[in-house]
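>>> fold the stuff below for me.
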Amino acid sequence: MRKIKVGLIQQSNSADTRSNLMNLAKSIQTCAAQGAQLIVLQELHNSLYFCQTEDTNLFDLAETIPGPSTVFYAELAAANKVVLVTSLFEKRAPGLYHNTAVVFDSDGSTAGKYRKMHIPDDPAYYEKFYFTPGDIGFEPIETSLGKLGVLVCWDQWYPEAARLMALKGAELLIYPTAIGWESTDAEEEKSRQLNAWIISQRAHAVANGLPVISVNRVGHEPDPSGQTNGIQFWGNSFVAGPQGELLAQATNDTNENLVVEVDLERSENVRRWWPFLRDRRIDEYGGLTKRFLDF
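Below you'll find the predicted structure:
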């Protein structure tokens with residue numbers, strides 16, 4: 001049986017980047033001590049979620065890859081002998097920035113990276129101001145534990161992204177995430193948003209016969225502009241199996257580390273029972289490359 005233990009680190013952040021990094025390092029060590037072989041961090045975990053406003057000074061948070069953060073996390077991966085999925089603000093060139101996941105293997109080497117492809121632009125999520133859409137495609141990252149289909153946050157709403165990762169041999173779908181509620185939303189609306197987020201990702205697990213790992217941040221972060229009441233990140237980090245079954249789920253309001261066993265061989269049986277890949281009508285899907293099909 002190919003079973004691995006996966007660590008999910010759900011953390012609230014402060015404006016003190018060094019403190020955030022030290023908290024992450026401690027949690028990585030804790031998860032590794034509990035047997036985690038693969039550890040996933042949330043989206044843009046070094047800092048506050050800075051995209052609530054459009055401020056050119058905040059580009060100073062970005063780093064080159066390789067750079068100081070890749071050295072820091074590579075050393076943590078090697079010291080704890082884990083595969084580590086990180087989420088960084090990449091400075092590629094002057095004026096050119098990406099939201100980039102970097103994966104380190106258990107020896108500290110860089111296994112690969114993924115640049116976020118779908119970039120939102122909504123109130124309090126002004127990511128198009130900061131990030132250029134990814135240009136290295138939907139390519140799984142080969143590691144000592146298997147092929148990881150790493151995507152980032154807004155990507156999690158798009159079945160095409162999950163499907164392409166699956167078609168290229170990904171054995172897990174992984175989503176570092178930063179999503180939450182605006183306080184003026186009604187409780188019913190908050191519930192609908194959270195449930196839609198979970199349902200969408202569990203559906204990717206079902207449709208592709210793959211486990212899904214989603215790691216969200218938690219806690220309230222104020223809007224520096226004062227135009228909104230900030231974001232209450234809703235946590236609820238979770239692991240779903242290849243039939244969409246919930247294997248573990250964190251709370252919506254506390255820092256939490258989860259260590260969850262995932263059976264990678266189960267995907268083979270699920271795909272035999274539900275042969276969705278066999279029955280796809282690939283000869284009829286050309287319209288998916290169009291923005292909209294007008295009659």
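>>> spit out the contact partners of Q201.
For Q201, the contacting residues are 156, 173, 175, 212, 214, 238, 240, by CB atoms under 8 Å, 6 or more residues apart in numbering. Backbone N, C-alpha and C define where each C-beta goes, glycine included.
>>> what is the helix or strand of the chain with the lowest mean pLDDT packed up against?
Lowest on mean pLDDT, DSSP states H and E among the helices and strands of the chain sits strand 180-182, with a mean of 93. When contacts are defined as 3 or more CB pairs under 8 Å, 6 or more residues apart in numbering; DSSP states H and E, strand 180-182 sits against helix 187-208, strand 231-234.
>>> who does the shortest one pair up with?
Take DSSP bridges as the rule and strand 231-234 pairs in its sheet with strand 180-182 (antiparallel), strand 218-221 (antiparallel).
>>> which residues are in contact with it?
Residues from elsewhere that reach strand 231-234 (CB under 8 Å, 6+ apart): 12, 49, 52, 124, 178-183, 190, 194, 216-221, 223, 252.
>>> which of the strands paired with strand 231-234 sits closest to L264?
Of all these, strand 218-221 sits nearest to L264, with 27.7 Å by CB to CB.
>>> could you export the closest one as CSV, CA atoms only?
C-alpha atoms of strand 218-221 as CSV (Å, rounded to 0.1, in the frame of the first residue of the first chain):
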residue,chain,number,x,y,z
VAL,A,218,-7.4,31.7,9.5
GLY,A,219,-8.1,34.7,11.7
HIS,A,220,-9.1,38.3,11.0
GLU,A,221,-6.9,40.7,9.0
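>>> got the contact list for Y49?
If you count contacts by CB under 8 Å, 6+ apart, Y49 has them with 13, 43, 178, 217, 221, 231, 233.
>>> quick one on the thing from earlier: specify which member of the contacts of Q201 is nearest to E90.
Y175 (17.9 Å).
>>> ok, that closest one to F50 distance?
Y175 is 20 Å from F50, where distance means CB to CB, to the nearest Å.
>>> give me the more crowded residue out of those two.
Set Y175 next to F50 and count neighbours by other CB atoms under 10 Å: Y175 wins out with 30 against 21.
>>> didn't that one look like it was pressed against V212?
Yes: Y175 lies in contact with V212 (CB atoms under 8 Å); the separation is 7.2 Å.
>>> need the strands paired with strand 231-234 in TSV with mean neighbour count and distance to G146, can you?
Shown next, in TSV, are the strands paired with strand 231-234 (neighbours: other CB atoms under 10 Å; distance: least, CB to CB, whole Å):
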stretch	mean neighbour count	distance to G146
strand 180-182	21	31
strand 218-221	20	28
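>>> turn those strands into a markdown table, columns for distance to L247.
Shown next, in a markdown table, are the strands paired with strand 231-234 (distance: least, CB to CB, whole Å):
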| stretch | distance to L247 |
| --- | --- |
| strand 180-182 | 23 |
| strand 218-221 | 19 |
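>>> do you know which of the ones you listed lies nearest G67?
Of those, the one closest to G67 (CB to CB) turns out to be strand 218-221, at 24.1 Å.
>>> quick one: the closest one to chain centroid distance?
17 Å (CA atoms, centre = their mean, to the nearest Å).
>>> wasn't G7 part of a strand?
Yes: secondary structure of G7 (DSSP: H, G, I helix; E, B strand; the rest coil): part of a strand.
>>> look up how far L24 lies from it.
Distance from G7 to L24, by CB to CB: 11 Å.
>>> and the two? which has more neighbours close in?
Comparing G7 with L24 by neighbour count (other CB under 10 Å), the higher total belongs to G7, at 27 against 23.
>>> returning to that earlier point: most packed of the helices and strands packed on strand 180-182?
Most buried of the helices and strands packed on strand 180-182, by mean neighbour count (mean count of other CB atoms under 10 Å): strand 231-234, with a mean of 22.
>>> hmm, back to that, in a markdown table, list the contacts of Q201 along with secondary structure, pLDDT and distance to S200.
Formatted as a markdown table, the contacts of Q201 follow (DSSP: H, G, I helix; E, B strand; the rest coil; pLDDT from 0 to 100; distance: CB to CB, whole Å):
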| residue | secondary structure | pLDDT | distance to S200 |
| --- | --- | --- | --- |
| Q156 | helix | 97 | 6 |
| L173 | strand | 98 | 12 |
| Y175 | strand | 98 | 10 |
| V212 | strand | 98 | 10 |
| S214 | strand | 98 | 10 |
| F238 | strand | 98 | 12 |
| A240 | strand | 98 | 11 |
